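[1] just to be clear, the model below is a prediction. Sequence and coordinates:
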Amino acid sequence: MNKKRLIKAYSILKTIPQGNLDLRTWKAPGYSIKPTCNTIACAAGWLSMHPDFAGEGLISATNGTPFYETPTGKFKYFGYDAMAKFLGISEKDSERLFQPNLNRDNRNDKRTVLRRFQRFFAEQGIVV
């Protein structure tokens, strides 16, 4: 588990405007890889566009899907698997953090994502 990256991810997501985070899309169509003030993307989409993480191998593919290439270049991952490998967590935990909310309340916003991270941190004993 890469606690430093997890905490950094949480810090980045806290800065995204409420209306610009939507778990139902990696990145809304029509936006470039470089986000603008009105870009809408999911949490994983935002993280894959962030320059701090791009320097560590996590980038956004053309369609907005997160892409991670290991430092050796030997392994390449996409989507939730990319987030799992980059953050050093299981794919199941990656899905828990980043998947759209399909339950009856249908919350797919910033508050939902931050609560998921807080719950995950509490379960793992990570202090933010």
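    That came through fine.
[2] for the residue nearest the centre of the chain, which non-adjacent residue is spatially closest?
    A centroid search over the chain (C-alpha atoms, centre = their mean) returns residue 44, at 2.2 Å, as the residue closest to the centre. The shortest distance from residue 44 to any residue other than its chain neighbours is 4.4 Å, reached at residue 98 (C-beta to C-beta, 6 or more residues apart in numbering). For every residue, glycine as well, the C-beta is placed using N, CA and C.
[3] count the residues that sit near that neighbour.
    Residue 98 has 23 neighbouring residues, counting by other C-beta atoms under 10 Å.
[4] just the pLDDT for it.
    Among the per-residue scores, residue 98 shows a pLDDT of 93.
[5] gap between it and residue 85?
    Separation of residue 98 from residue 85 (C-beta to C-beta, to the nearest Å): 13 Å.
[6] just to revisit the earlier point, in contact with the residue nearest to residue 44, which residues?
    Contact criterion C-beta atoms under 8 Å, 6 or more residues apart in numbering gives 23, 42, 43, 44, 80, 83, 113 as the residues in contact with residue 98.
[7] please narrow the residues you listed to those residing in helices.
    The helices, defined by DSSP state H, take in 43, 44, 80, 83, 113 from those.
[8] need those in CSV with pLDDT, can you?
    Below are the ones in helices among the contacts of residue 98 laid out as CSV (pLDDT from 0 to 100):
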residue, pLDDT
43, 90
44, 91
80, 94
83, 97
113, 92
